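Enquirer: Got a sequence here, can you build the structure:
(one chain, ligands or ions: 2)
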Amino acid sequence: AGPGDAELMNDAATPGDVLTYGMGPQGQRFSTLTKINADNVGRMVPAYTASLGGEKQRGQESQPIVYDGMIYVTGSYSRVFAFDARTGEEKWQYDARLPDGIMPCCDVVNRGAAIYGDKIIFGTLDAHLVALNRQTGKVIWNKTLAPYDAGYSFTAAPLIVKGKVIYGNSGGEFGIVGKVEARDVNTGELVWSRPTVEGHVGQLNGKPSTMTGKLNASWQGDLWKSGGGATWLGGTYDPGTNLLYFGTGNPAPWNSHLRPGDNLYTSSTVALDPDSGEIKWHYQTTPHDGWDFDGVNEFIPFDAGGRKLGAKADRNGYFFVLDRTNGKFISANPFVSKTTWANGFNKQGRPNFVAANRPSAPTAEKGSTVFSAPSFLGGKNWMPMSYSKQTGMFYIPSNEWGMDIWNEPVAYKKGAAYLGAGFTIKPLYEDHIGVLRAMDPATGKIKWEYKNKAPLWGGVLSTAGNLVFTGTPEGYLKAFDAQTGKELWKFNTGSGVVGSPVTWEQDGQQYVAVMSGWGGAVPLWGGEVAKAVQHINQGGSLWVFKLPS
Ligand SMILES: O=C(O)c1cc(C(=O)O)c2c(n1)C(=O)C(=O)c1cc(C(=O)O)[nH]c1-2
Ligand SMILES: [Ca+2]
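Expert: Ligands and ions are numbered 1, 2, ... in the order given. You can find the predicted model right below:
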């Protein structure tokens, strides 16, 4: 029959499979497995590799799903592959065959699929949601989510809660309407739709439902209509509070002088009721965002000191801890070396803005240029961090870079880029951009860090074997001691690793898998950093590792 609601909710506690993006609905990316551990990981070797083919080699940001002897991965250009989990032999592949006019902002990526019953479900760059039979790869249903020619696309892995597929959307750079939606997993029919910008009316069971809060209070005039707030990274779910947590992206346009106000609920974390889509609480990490700090970063529930908390390492360079039951602010500490836009946060959780470091309003063609750190690609971008239940630490894939940024005039036009800003990204240090950091959520202090020459762009996995895994654009999957940060193992996969690693147990052995294939936003938007990494070869393959027998 395949996995149902109970199996998905229990994913983190059942290491024989990987059923959810995040290795559990809370997205902690922590495995209880210990057969591969800090003492023996140095001996780990490849078990097999499987290719996605040569023609469509772009960024491979997918996290594998592992179930019943099969591995399911999504590939660049909206493809899905099913491989035999023991041999790597391909069982089927599905290619969404995209139209010419798709408009993803940041490479033709996909971050993974969802599994439920007999289905594998994923989203496409032309904004469809597709359910495939997991044994055959044949289409069961295929729904259009939004018009791709208005700038909508889809790159995240869907989340399944109580028989509903719950997902966000991409297109914040085109002034689309950010939304969270739920569909019946068996039919694909829409159950509810919840826009993430004040002013828009949602839907519940085919009837209009309104936003919580005062409509339009944080926007002027009609600006909310093209206000962005894309939920392009999807969300997490906490069964204990019965809340969905979604990050919302940048307000549109980037030029903040064209939209005075806080611009709720952009660059925020919102908590939603999975049954109705109602927004239960919201917390804005960058009010009136003027740097494309976005705010989609994953919000990971964790418990500490008897409290139900949640943490988010935001693109704006701050690591936030909130009370996940009500969104109350607890702390914000920088996890990168430089944050020019704000000097910390006050007790209410508002940033202390540095006014001089907001790009100015353009008087004619161009406003004055300011240097801002982090850059718009963020202290951390989409690549998910991990929370180790063993060490109590968060492991954050972060980057040290800044940007020259200036504002320009712009008007909304359907399907056209809606930025009103120009930029050049620059490294802050000569010897490194990427830094994997172990963060203590109680103190906001960094316990250890690993510096990498190229920007880190892959997800993180931690295990009860005292290990932390992540990939590098230089091609390595690396393993570190979770307590000390000592590098214990590395293997070069032949192309940049920007996927999220997973681990599981099969036939009494522990396996680790990751996708290899360089790409994502850095080569496209990285300015001086893009030039520094332009020699990295493209790829598209799944790598699976184990200890030698
Ligand atoms: O506002 C949006 O809708 C949106 C979507 C996406 C995406 O779907 O990949 C990215 C971004 N913004 C973005 O700002 C960004 O830096 C980014 C990096 C990447 C990537 O996959 O490397 N995607 C996106
Ligand atoms: Ca964006």
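Enquirer: What does the pLDDT read for the residue of the stretch 151-300 of the chain at minimum distance from ligand 2?
Expert: Closest to ligand 2 within the stretch 151-300 of the chain is residue 172: 4.1 Å, counting by Cβ to the ion. In this view, the C-beta of every residue, glycine as well, is placed from N, C-alpha and C. At residue 172, the model reports a pLDDT of 94.
Enquirer: what sits against it?
Expert: Residues near residue 172 by Cβ atoms under 8 Å, 6 or more residues apart in numbering: 105, 178, 228, 229, 230, 232, 249, 250, 252, 294.
Enquirer: can you do 7 Å?
Expert: 178, 228, 229, 230, 232, 249, 250, 252 (Cβ atoms under 7 Å, 6 or more residues apart in numbering).
Enquirer: Kindly report the same for residue 377.
Expert: Neighbours of residue 377 in contact, by Cβ under 7 Å, 6+ apart: 399, 401, 425, 521, 522, 525, 526.
Enquirer: Among the contacts of residue 172, which pair sits farthest apart?
Expert: 232 and 252 (12.6 Å; Cβ to Cβ).
Enquirer: Who has more neighbours out of those two?
Expert: The neighbour comparison of residue 232 against residue 252 (other Cβ atoms under 10 Å) goes to residue 252, with 33 against 29.
Enquirer: Can you verify my assumption that that one contacts residue 227?
Expert: Yes - using Cβ atoms under 7 Å, residue 252 makes contact with residue 227 at a distance of 5.9 Å.
Enquirer: Just read off the phi/psi values of whatever residue of the chain ends up closest to ligand 1.
Expert: Residue of the chain nearest ligand 1, by Cβ to the nearest ligand atom: residue 172 (2.3 Å). Per-residue torsions, residue 172: phi -60, psi -20 (degrees, to the nearest 10).
Enquirer: Verify the contact between residue 99 and residue 126 for me.
Expert: Yes - here residue 99 lies in contact with residue 126, judged by Cβ under 7 Å, at a distance of 5.7 Å.
Enquirer: neighbour count winner among the two?
Expert: Neighbours around residue 99 and residue 126, counted as other Cβ under 10 Å, are more numerous at residue 126. The numbers are 23 against 10.
Enquirer: per-residue pLDDT, the closest residue in space to the more buried one that isn't next to it in sequence?
Expert: Nearest residue to residue 126, sequence neighbours excluded (Cβ to Cβ, 6 or more residues apart in numbering): residue 148, at 4.3 Å. If you check residue 148, the pLDDT there is 98.
Enquirer: Make sure residue 148 is actually in contact with residue 123.
Expert: No - here residue 148 does not reach residue 123: they are 11.6 Å apart, not a contact under Cβ under 7 Å.
Enquirer: So these two - more neighbours on which side?
Expert: For residue 148 versus residue 123, neighbours defined as other Cβ under 10 Å are more numerous around residue 123 (31 against 23).
Enquirer: need the contact list for the more buried one.
Expert: With Cβ under 7 Å, 6+ apart, residue 123 has these contacts: 129, 154, 156, 158, 167.
Enquirer: Kindly recompute the last result at 6 Å.
Expert: Residue 123 makes contact with 129, 154, according to Cβ atoms under 6 Å, 6 or more residues apart in numbering.
Enquirer: what do you get for the one 5 residues further on?
Expert: With contacts defined as Cβ under 6 Å, 6+ apart, the neighbours of residue 128 are 142, 144.
Enquirer: how near is it to residue 98?
Expert: When distance is defined by Cβ to Cβ, to the nearest Å, residue 128 is 9 Å away from residue 98.
Enquirer: Run through who's touching stretch 413-432.
Expert: With Cβ under 6 Å, 6+ apart as the criterion, stretch 413-432 contacts 149-151, 173-175, 252-255, 258, 375, 400-408, 410, 412, 433, 451-453, 526-529.
Enquirer: Any idea how far apart the tips of that stretch sit?
Expert: One end of stretch 413-432 sits 39 Å from the other (Cα to Cα, to the nearest Å).
Enquirer: got it, and stretch 68-84?
Expert: 9 Å.
Enquirer: before we move on, what about stretch 426-440?
Expert: End to end - Cα to Cα - stretch 426-440 spans 28 Å.
Enquirer: how about it: buried residues?
Expert: Neighbour counts over stretch 426-440 (16 or more other Cβ atoms under 10 Å) mark 426, 427, 428, 432, 433, 434, 435, 436, 437, 438, 439 as buried.
Enquirer: how many other residues sit next to the nearest residue to the fifth one once chain neighbours are set aside?
Expert: Spelled out, that is residue 433. Distances taken as Cβ to Cβ, 6+ apart place residue 455 nearest to residue 433, at 4.5 Å, with adjacent residues excluded. Other residues near residue 455 come to 32 when the count uses other Cβ under 10 Å.
Enquirer: Could you pull up phi and psi at residue 455?
Expert: phi -60, psi 140.
Enquirer: From ligand 2, how far off is it?
Expert: Noted for residue 455: a distance of 17 Å to ligand 2, by Cβ to the ion, to the nearest Å.
Enquirer: these two touch, right, that residue and residue 399?
Expert: Yes - contact criterion Cβ atoms under 6 Å: residue 455 and residue 399 qualify, at 4.6 Å.
Enquirer: who touches both of those two?
Expert: 433, 434.
Enquirer: Keep only the contacts of residue 377 that also lie close to ligand 2.
Expert: By Cβ under 5 Å from the ion, no member of the contacts of residue 377 lies near ligand 2.
Enquirer: Sitting in strands, which of the residues you listed do you find?
Expert: Counting by DSSP state E, those place 399, 401, 425 in strands.
Enquirer: Okay, and the beta partners of the second one?
Expert: If I follow you right, that is residue 401. residue 427 (DSSP bridges).
Enquirer: Show me the beta-bridge partners of the nearest residue to residue 204 once chain neighbours are set aside.
Expert: Nearest non-adjacent residue to residue 204, counting by Cβ to Cβ, 6+ apart: residue 192, 4.6 Å away. For residue 192, the beta-bridge partners are residue 182, residue 204 (DSSP bridges).
Enquirer: residues from the stretch 301-450 of the chain in reach of ligand 1?
Expert: When proximity is defined as Cβ under 6 Å from any ligand atom, the stretch 301-450 of the chain approaches ligand 1 at 377, 381, 382.
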